[in-house]
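Trainee: pasting the structure only:
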């Protein structure tokens, strides 16, 4: 195999390649170490010589002494030569720089820009700014200039210059920072003052400059801005103030003969080494707010004076904190020491009767849930024992979401007016009572005795006639009805006389169903044949205690009124049932009290009544009938009987549709006498 010529040829070629490789590696080492002055590169254009070093060459001395980095590059960006400044910029040995790619020392975001510059055509100078990445990872802003390097008229490679832009960038940042600071000061709406560590002013905003009578620059802060504390004493910073923050200090300053008010905030000006360089002071003008506060205080003072003169105060209740706020006048009205603070809800309720406190709670509930406002009168018992009357209001206050968060209102002392009204009402009641008594007296004196005489004659003849008839005679039943009607008439006459003379009535425990059933024949004859009388008795009706003659009188009056309201054919309905009145119902019906009642309703489908008639319906002697057709005592008598039995009466009426009277008589809760038990409790 040693004599094989092919093998010998391969061995020679291998040795030649090894020798060339060693030569190339030695050349590259020499280039990196700066041991050669020129490099001859063979190519398609022939051999080209690149000068790398020449210690004696004047250009070499010039390039090495430059403050900028100088490089020669191949078209692909390979560094063939670099001066010492390049090594300083990238913080790497020169032998590491030479032979490396320039792109390897450029920040990733700028590498695309570098490649673009390297690929541009010949004969064009290229300038840009890039970021170099030093060997320790630090970034160095640099200006890059690229140009063609011509050897014997041919562009063999590129030359590049790298300029360190760090100082330039720092100056630009300082200038920009200065401009920004000046812009902030000039555009600030507040007075900004910057002082040095000695307390002298060296920078101010335009607003702060306008506050001074002199140029503040270089002056001590206290001289440039002679501020005063709220108590009028001169303001000055203490030494310890330079090391702490100050917030919301109220001060004043005389400007052009006018006092202006400010909120002072101050904080230390700290350097890079945490040293105190000075102080930054901010003055926020609150003059308008102070003027508004003074006007508000004056308005409140006048309001207090007006409330004192009118004996009126205002109050507020916060639903979230459940606290009450009273004005000074409310404290005076309720004889409460302001030092005690406003009362709790429970303490305030103690001023009123349980019924009034319940009504107030109902008003508050409806104001919160329904958003309603109320005006009402109050009767309060003060700590001194004196009874006082107030006219009060209540209204809801909502937040921005529309939710009721507070209740507010006013309280005015109307004791004198109320007593005058009560006296006037008392006199008016006495006058009406006197008129009624006079009318009833005339009626009783002029008619009652004669009527009783006639009833006596009727009853006597009926009894004589019944004595002459056999029990089986059919006329006997008619005579019995006549006797009953005459007896009821006598009872009504007795009741009228008793009402007028305030004589004691004779109440009994009754089953209204049974009592009314016994009156149906008489009532049907009373209203006439053209009007239907419908009877709707309630089941298991509770007993009541009242005079049976009063039931007769109530039904007779109401049925006669119903008859007169019906023109032609119509209907009258009598109804009874058990009802329980709760607090919510009684809160919206004056004088009603919660409890169990027997309800008696009389309804008709007559002409109905308007609001004006309803307002005067129960007044004595008020009537809508013509002269001689009514005395006006019917409904007032009904009202009196109902009230006499501790009951209530309501009227519902619509013009053209009819009227309903609802009478509520308290349920009798006692024991029923043995002789009445069967009659009362049986359905």
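Mentor: Okay, I see it. Note that this is a predicted model, so its numbers are computed, not measured.

Trainee: how about the residue nearest the centre of the chain, what does it touch?
Mentor: Most central in the chain under CA atoms, centre = their mean is residue 399, positioned 2.0 Å from the mean C-alpha point. Taking CB atoms under 8 Å, 6 or more residues apart in numbering, we find residue 399 in contact with residue 405. Backbone N, C-alpha and C define where each C-beta goes, glycine included.

Trainee: how near is it to residue 371?
Mentor: 13 Å (CB to CB, to the nearest Å).

Trainee: which segments of the protein make up each domain?
Mentor: 24-167, 177-285, 292-413, 415-503, 505-681 (automatic domain parsing).

Trainee: with mean pLDDT added, can I get those domains in JSON lines?
Mentor: Below are the domains of the chain laid out as JSON lines (pLDDT from 0 to 100):
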{"stretch": "domain 24-167", "mean pLDDT": "74"}
{"stretch": "domain 177-285", "mean pLDDT": "80"}
{"stretch": "domain 292-413", "mean pLDDT": "86"}
{"stretch": "domain 415-503", "mean pLDDT": "69"}
{"stretch": "domain 505-681", "mean pLDDT": "84"}
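
Trainee: tally of neighbours for residue 246?
Mentor: A total of 14 residues lie near residue 246 under the criterion other CB atoms under 10 Å.

Trainee: kindly report the same for residue 588.
Mentor: Residue 588 is flanked by 10 other residues according to other CB under 10 Å.

Trainee: over to residue 211?
Mentor: Residue 211 - counted by other CB under 10 Å - has 22 other residues nearby.

Trainee: OK, contacts around it?
Mentor: Under the criterion of CB under 8 Å, 6+ apart, the neighbours of residue 211 are 191, 225, 253, 255, 260, 283.

Trainee: from what I can see the last one touches residue 261, true?
Mentor: No: assessed by CB atoms under 8 Å, residue 283 is found out of contact with residue 261, at 9.9 Å.

Trainee: which element is the closest residue to residue 312 other than its chain neighbours on?
Mentor: Distance criterion CB to CB, 6 or more residues apart in numbering; nearest residue to residue 312, sequence neighbours excluded, is residue 412 at 4.0 Å. Assessed by DSSP states H and E, residue 412 sits inside strand 404-413.

Trainee: for the stretch 501-650 of the chain, just list every one of the strands.
Mentor: 508-510, 531-536, 544-546, 570-581, 595-604, 648-654 (DSSP state E, counting those that start in this stretch).

Trainee: following the last one, which helix or strand comes up?
Mentor: Pointing back at strand 648-654 there. Beyond strand 648-654 toward the C-terminal end (DSSP H and E), the next one is strand 658-666.

Trainee: and the angle for that next one with strand 570-581?
Mentor: 40 degrees (axes from the mean of the first three to the mean of the last three CA atoms, to 10 degrees).

Trainee: which elements pack onto strand 658-666?
Mentor: strand 544-546, helix 548-565, strand 595-604, helix 634-644, strand 648-654 (3 or more CB pairs under 8 Å, 6 or more residues apart in numbering; DSSP states H and E).

Trainee: which one of these lies closest to residue 90?
Mentor: Among these, the nearest to residue 90 by CB to CB is strand 595-604 (102.9 Å).

Trainee: pipe the contacts of residue 211 into TSV and attach distance to residue 533 per row.
Mentor: Below are these laid out as TSV (distance: CB to CB, whole Å):
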residue	distance to residue 533
191	93
225	98
253	93
255	94
260	89
283	92
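
Trainee: just the ones of these in strands?
Mentor: Using DSSP state E to define strands, the subset of the contacts of residue 211 located there is 191, 253, 255, 260, 283.

Trainee: and residue 320, how far from residue 667?
Mentor: Counting by CB to CB, the gap from residue 320 to residue 667 is 43 Å.

Trainee: my error: substitute residue 287 in the last question.
Mentor: Counting by CB to CB, the gap from residue 287 to residue 667 is 73 Å.

Trainee: what's the answer for residue 648, then?
Mentor: When residue 648 is compared with residue 667 (using CB to CB), they lie 13 Å apart.

Trainee: quick one: which of those two has more around it?
Mentor: Shown here are residue 648 and residue 667; by other CB under 10 Å, residue 648 has more neighbours (20 against 17).

Trainee: close enough to count as contact, that one and residue 664?
Mentor: Yes: here residue 648 reaches residue 664: they are 4.6 Å apart, a contact under CB under 8 Å.

Trainee: joint contacts of these two?
Mentor: Joint contacts of residue 648 and residue 664 (CB under 8 Å, 6+ apart) are 592, 597.

Trainee: returning to that earlier point: just the buried ones from the contacts of residue 211?
Mentor: Neighbour-count burial (16 or more other CB atoms under 10 Å) applied to the contacts of residue 211 gives 191, 225, 253, 260, 283.

Trainee: can you add distance to residue 356 and give these back as CSV?
Mentor: What follows is the buried ones among the contacts of residue 211, written out as CSV (distance: CB to CB, whole Å):
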residue, distance to residue 356
191, 59
225, 62
253, 57
260, 54
283, 56
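
Trainee: and of the residues you listed, the nearest to residue 576?
Mentor: residue 260 (81.7 Å).

Trainee: what sits against the closest one?
Mentor: Contacts of residue 260 by CB under 8 Å, 6+ apart are 211, 252, 253, 254, 285, 287.

Trainee: between the strands of the stretch 501-650 of the chain, which gets nearest to residue 473?
Mentor: Using CB to CB, the nearest of those to residue 473 is strand 531-536, at 28.8 Å.

Trainee: what about residue 604, how many neighbours?
Mentor: 26.

Trainee: run through the bridge partners of it.
Mentor: Judged by DSSP bridges, the bridge partners of residue 604 are residue 572, residue 659.

Trainee: my guess is it meets residue 567, correct?
Mentor: No: Residue 604 lies out of contact with residue 567 (CB under 8 Å); the separation is 11.2 Å.

Trainee: sorry, back to before: list the strands paired with the strand holding residue 412, with their directions.
Mentor: Sheet pairing for strand 404-413, using DSSP bridges, gives strand 312-318 (antiparallel), strand 387-398 (antiparallel).

Trainee: list the buried ones in the longest one?
Mentor: For strand 387-398, a neighbour-count test (16+ other CB under 10 Å) marks 388, 389, 390, 391, 392, 394, 395, 396 as buried.

Trainee: pipe these into CSV and attach distance to residue 81 per row.
Mentor: Below are the buried residues of strand 387-398 laid out as CSV (distance: CB to CB, whole Å):
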residue, distance to residue 81
388, 110
389, 111
390, 105
391, 106
392, 102
394, 97
395, 93
396, 90
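
Trainee: could you pull out the strands in the stretch 251-400 of the chain for me?
Mentor: 258-270, 276-285, 312-318, 323-326, 374-381, 387-398.

Trainee: for those, which one sits closest to residue 619?
Mentor: Using CB to CB, the strands of the stretch 251-400 of the chain put strand 374-381 closest to residue 619, at 21.9 Å.

Trainee: could you give the angle of the closest one to strand 387-398?
Mentor: 140 degrees.

Trainee: buried ones in strand 374-381?
Mentor: In strand 374-381, counting by 16+ other CB under 10 Å, buried: 374, 378, 380.

Trainee: I'd say the first one and residue 393 touch.
Mentor: So the one you mean is residue 374. Yes: at 6.9 Å, residue 374 counts as touching residue 393 under the criterion of CB under 8 Å.

Trainee: what do these two both touch?
Mentor: What both residue 374 and residue 393 touch, as defined by CB under 8 Å, 6+ apart, is an empty set.

Trainee: tell me which residues touch the residue lying closest to residue 600 once chain neighbours are set aside, please.
Mentor: Leaving aside its sequence neighbours, residue 600 sits nearest to residue 663 (CB to CB, 6+ apart; 4.6 Å). By CB under 8 Å, 6+ apart, the residues touching residue 663 are 554, 599, 600, 601, 602, 638, 642, 647, 648, 649.
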